[in-house]
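Visitor: got a sequence here, can you model it:
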Amino acid sequence: MTKRSYGEGGIDQRSENIFRLRYRIGKKRFTKAFRGNLAEAKKELRALLRSGDTGEHVGPNKDTLAAWAKQWIAAGAPGRKRVAVGQRALERYDQLLRTHILPTLGEYKLQQINAADIDALYLTLEGKIAPSTARSTHNVLGACLGAAVRTRKLAVNPMLFITKTPARAEGDHGIALDDQELKTLVQGFMGHPLFAIVSVAAFTGCRRGELLALRWSDLDAHEKTLRIERAVEQTDKHGLRFKGPKKDRHKRTIKVDDDLVALLLSERERHLRLVAGVADGVSVDLSLIKLSAGALIFPDPEALMSGKFTLPRSPVSVTKIFDRKAARIGFPNLRFHDLRGTHETLLLDRGVPVHVVAARCGHDPATTVTELRQANPQGRHQRGGRDQQHLKRNPWQLKLGPKLGPITVCS
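Guide: The predicted structure is shown next:
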């Protein structure tokens, strides 16, 4: 035993290179087991006492990583900004923890996890999961341990000392269709239940969730605008529900052209006929028929037939149906989200300024340029390029369905 003056702590040797450190922070006593030689034990004790003087002390804690991860997820998985993430992100974080991290490190004491343990975890995952999943797993573990540091569960985040991080995977930036390809796609959906949804997605650049949350009150046929204020979210905990915009720029009002307005009004007439119980083709004055408050433009199809216009459609279902139909048309690798990127690319092809495209689609301008450069490595969307000159000579129009008219963004 090494005797020291009051307030300087003490060091007890338990066995070879194993010591017990005793010290006080204020009036509270602490002990800590330490592995190393005596000089290292003294250095560790000085560091503990210094952390008490600076207010950075983290007391010993026997919580496991699994226990802390459960607490972190229950709090909403807050990050550096101390803000809880959305429910979909939260469920994804929980899945990554349960599937890839906790089976290996879950029973480790939180304060005993070191960089070598994390390096070993990454080696076991290498080749077993996709690079993008490995990177996401790394980010979630880093956020989880970072929150432990902020809440004084950990003194230092061991992620700072790992040998290497999983490589940043080359993202799947999707496909940007040219004007002829988009014309083929949209015409291929004519007569299909998703025709209106695909048309609005292709010619507004809206996100899938935003489209499915559109209400008839969001359409101003006279001003030819669509107001985007919410989205549909599908999660395990809450099922289908509406949510507000994640960021202020996601809330916006966009211009639409005459053909798209006409398409939406024909869809509205179909809904009014369902309310009135009048078959298609029967001449009737629908001006006195009213839809229920909050009626959706694209409600759940089964609910629609039973007169329920406010029940949202499943985003996952829309994607699955779209994938099958698009493959039959000749676009087997096209994702529904690629309609958004296609819309942005075609606007840039026509010389629409980046900040206008970003505002229309609810994007950050820098993000818009970066993503589209990755999706279009040939630079097809660059103003003044070969395709831009071609499009000036041949204005892009669809003979069937909507056409892309002049685009402006409303304040």
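Visitor: contacts, neighbours, all on C-alpha from now
Guide: OK.
Visitor: any idea how this structure splits into domains?
Guide: With automatic domain parsing as the criterion, the domains of the chain are listed as 10-54, 65-161, 179-410.
Visitor: starting at the chain centroid, how far to the shortest one?
Guide: Spelled out, that is domain 10-54. Distance of domain 10-54 from the chain centroid (Cα atoms, centre = their mean, to the nearest Å) equals 44 Å.
Visitor: how far does it stretch from start to finish?
Guide: Terminal residues of domain 10-54 are spaced 20 Å apart (Cα to Cα, to the nearest Å).
Visitor: turn the domains of the chain into TSV, including mean pLDDT and mean neighbour count.
Guide: Formatted as TSV, the domains of the chain follow (pLDDT from 0 to 100; neighbours: other Cα atoms under 10 Å):
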stretch	mean pLDDT	mean neighbour count
domain 10-54	88	15
domain 65-161	94	17
domain 179-410	82	17
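Visitor: can you show me the helices along the stretch 51-200 of the chain?
Guide: Using DSSP state H, counting those that start in this stretch, the helices found in the stretch 51-200 of the chain span residues 65-74, 87-96, 102-105, 115-125, 131-150, 179-188, 195-204.
Visitor: what is the third one packed up against?
Guide: If I follow you right, that is helix 102-105. Helices and strands touching helix 102-105, by 3 or more Cα pairs under 8 Å, 6 or more residues apart in numbering; DSSP states H and E, are helix 65-74, helix 115-125.
Visitor: could you dump those helices into CSV and include distance to M305?
Guide: Output for the helices and strands packed on helix 102-105, formatted as CSV (distance: least, Cα to Cα, whole Å):
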stretch, distance to M305
helix 65-74, 39
helix 115-125, 48
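Visitor: of those, which is nearest M190?
Guide: Ranking the helices and strands packed on helix 102-105 by proximity to M190 (Cα to Cα) places helix 65-74 first, at 44.7 Å.
Visitor: which residues does the closest one contact?
Guide: Residues from elsewhere that reach helix 65-74 (Cα atoms under 8 Å, 6 or more residues apart in numbering): 78, 90, 93-94, 97, 102, 105-110, 144, 147-148.
Visitor: rerun at 7 Å
Guide: 90, 94, 102, 105-110, 144 (Cα atoms under 7 Å, 6 or more residues apart in numbering).
Visitor: out of the helices and strands packed on helix 102-105, nearest to L154?
Guide: Closest of these to L154 is helix 65-74, at 10.8 Å (criterion: Cα to Cα).
Visitor: and the closest one, how far out from the chain's middle?
Guide: With Cα atoms, centre = their mean, you get 22 Å for helix 65-74.
Visitor: got the CA coordinates for that helix in PDB?
Guide: Provided in PDB are the C-alpha atoms of helix 65-74 (Å, rounded to 0.1, in the frame of the first residue of the first chain):
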ATOM      1  CA  LEU A  65     -23.000  -1.200 -23.100                       C
ATOM      2  CA  ALA A  66     -26.400  -3.000 -23.600                       C
ATOM      3  CA  ALA A  67     -27.900  -1.200 -20.600                       C
ATOM      4  CA  TRP A  68     -26.600   2.100 -21.800                       C
ATOM      5  CA  ALA A  69     -27.800   1.500 -25.400                       C
ATOM      6  CA  LYS A  70     -31.300   0.700 -24.100                       C
ATOM      7  CA  GLN A  71     -31.300   4.000 -22.100                       C
ATOM      8  CA  TRP A  72     -30.000   6.000 -25.100                       C
ATOM      9  CA  ILE A  73     -32.600   4.500 -27.500                       C
ATOM     10  CA  ALA A  74     -35.400   5.200 -24.900                       C
END
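Visitor: about what we covered before: let's have the helices of the stretch 51-200 of the chain in TSV, adding distance to V318.
Guide: Listed next are those as TSV, based on distance: least, Cα to Cα, whole Å:
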stretch	distance to V318
helix 65-74	29
helix 87-96	18
helix 102-105	34
helix 115-125	33
helix 131-150	25
helix 179-188	15
helix 195-204	9
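Visitor: closest to K28 out of those?
Guide: Closest to K28 of the helices of the stretch 51-200 of the chain is helix 131-150 (Cα to Cα; 20.9 Å).
Visitor: run the angle between that closest one and helix 87-96 for me.
Guide: 100 degrees (axes from the mean of the first three to the mean of the last three Cα atoms, to 10 degrees).
Visitor: which residues are contacting helix 131-150?
Guide: Here helix 131-150 makes contact (Cα under 7 Å, 6+ apart) with 69, 72, 79, 93, 96, 154-157, 159, 166-169.
Visitor: would you turn those residues into TSV with distance to A176?
Guide: Formatted as TSV, these follow (distance: Cα to Cα, whole Å):
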residue	distance to A176
A69	39
W72	39
G79	33
Y93	30
L96	30
L154	46
A155	47
V156	44
N157	41
M159	37
P166	29
A167	26
R168	23
A169	20
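Visitor: just flag the most distant two among those.
Guide: A155 and A169 (30.7 Å).
Visitor: the residue nearest to I18 when sequence neighbours are not counted: what's it in contact with?
Guide: Spatial nearest neighbour of I18, excluding adjacent residues (Cα to Cα, 6 or more residues apart in numbering): R35 at 4.7 Å. By Cα under 7 Å, 6+ apart, the residues touching R35 are 17-19.
Visitor: follow-up on the earlier one: out of the helices and strands packed on helix 102-105, flag the one nearest H337.
Guide: Among the helices and strands packed on helix 102-105, helix 65-74 sits nearest to H337 (Cα to Cα), with 28.5 Å.
Visitor: angle of the closest one against helix 87-96?
Guide: Using the same axes, to 10 degrees: helix 65-74 against helix 87-96 is 170 degrees.
Visitor: neighbouring contacts of stretch 311-328?
Guide: 208-209, 212-213, 298-300, 303, 332, 335-336.
Visitor: in helices only, show me the residues you listed.
Guide: Using DSSP state H, the subset of the contacts of stretch 311-328 located in helices is 208-209, 212, 303.
Visitor: if anything else comes up later, I'll come back, but that's it for now.
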